[in-house]
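>>> got a predicted structure here, sequence first:
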Amino acid sequence: MVYKIHYTHKDPSGATMTELHNPADMPDPNRIASIEEPWIEATIYVPDEYLGPILKLCQDRRGIQKNLTYVAGRAQLTYELPLNEVVFDFYDRLKSISRGYASFDYHQIGHREGDLVKMNILVNNEPVDALSMIVHRAAAEARGRHMCERLKDLIPRHLFKIPIQAAIGGKVIARETIAALRKDVTAKCYGGDASRKRKLLDKQKEGKKRMREYGSVSIPQEAFIAALRMGEE
């Protein structure tokens, strides 16, 4: 997906606009005058009984209704939609809502300016470039919360707590925490040696703190794909 970034001033090369292919390469927001995103015109055929939920889906994705007619007993919808809102899971949601009876076709109709921001995902306080995305400001908090919840379920637990955060610039807009795997370090302590147990637990706590600071988090490949499917379960 290609975004058009318009600069407040010319960059060193003299350009006033550039094309952005990867959200991780977003320029400093202070240099950006505006961002344009690709839009599509979509045609949807759906049985009448599913029309209401399909209309809501399109409206929730910032769609603009252009036409609604009936052809051979089926509703024909024409909507203009930001490609950003349909690229990951729109088709799956459409099929789920309509029980597989809806059809969907689209073509691009150019770029339009939008109130867009870059949302970073941080795992254990480290940004994950592959999960950064361009989102509409009004939807950023909901998307960030959903992404954090997804990753909490998808990333395996480690021996230390893992914070997952969604952030815009330096502001955290959503957060989840993956609990640490619990290991009973006092299992071999018999009887009532409370002081020894306390020392072992304190040592474990300190070890987990160091692991949280210096340990790396393993994120399965399938987690990247699943996390980007933003549809509701």
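Yep, it's here. Numbers count the residues shown, from 1 in each chain.
>>> any chance you could map the helices in the protein?
In the chain, the helices defined using DSSP state H lie at 51-60, 90-97, 140-154, 194-214, 221-227.
>>> average pLDDT for the second one?
Throughout helix 90-97, pLDDT has a mean value of 91.
>>> show me what that helix is packed up against.
In terms of contacts (3 or more C-beta pairs under 8 Å, 6 or more residues apart in numbering; DSSP states H and E), helix 90-97 is packed against helix 51-60, strand 103-114. C-beta coordinates here come from the backbone N, C-alpha and C atoms, glycine included.
>>> same thing with the third one?
For helix 140-154, the contact count by 3+ C-beta pairs under 8 Å, 6+ apart identifies strand 116-123, strand 133-136, strand 162-168, strand 171-178, helix 221-227 as packing neighbours.
>>> output the longest strand along the chain as CSV, nothing but the C-alphas.
Looking across the chain with DSSP state E, the single longest strand is strand 32-47. What follows is strand 32-47 as a C-alpha-only set of coordinates in CSV (Å, rounded to 0.1, in the frame of the first residue of the first chain):
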residue,chain,number,x,y,z
ILE,A,32,4.7,16.3,7.5
ALA,A,33,2.1,18.8,6.1
SER,A,34,-0.4,16.1,5.1
ILE,A,35,-0.8,12.4,4.3
GLU,A,36,-2.9,11.0,1.4
GLU,A,37,-4.1,7.4,1.5
PRO,A,38,-5.4,5.2,-1.4
TRP,A,39,-9.1,4.8,-1.8
ILE,A,40,-11.2,2.2,-3.6
GLU,A,41,-14.7,1.9,-5.0
ALA,A,42,-16.2,-1.3,-3.9
THR,A,43,-19.2,-3.1,-5.3
ILE,A,44,-20.9,-5.6,-3.0
TYR,A,45,-23.8,-8.0,-3.8
VAL,A,46,-25.5,-9.4,-0.8
PRO,A,47,-28.9,-11.0,0.1
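>>> neighbouring strands for that strand, and are they parallel or not?
Next to strand 32-47 in the sheet, as set by DSSP bridges, lie strand 3-7 (antiparallel), strand 74-82 (antiparallel), strand 103-114 (antiparallel).
>>> okay, and the beta partners of residue 105?
Counting by DSSP bridges, the residues bridging with residue 105 are residue 43.
>>> now it: how far from residue 58?
Distance of residue 105 to residue 58, computed by C-beta to C-beta, to the nearest Å: 14 Å.
>>> got the contact list for the nearest residue to residue 151 once chain neighbours are set aside?
Closest residue in space to residue 151, ignoring its immediate chain neighbours: residue 164 at 5.0 Å, by C-beta to C-beta, 6 or more residues apart in numbering. Residue 164 is in contact with 121-123, 148, 151-152, 155, 175-178, counting by C-beta atoms under 8 Å, 6 or more residues apart in numbering.
>>> if anything else comes up later, I'll come back, but that's it for now.
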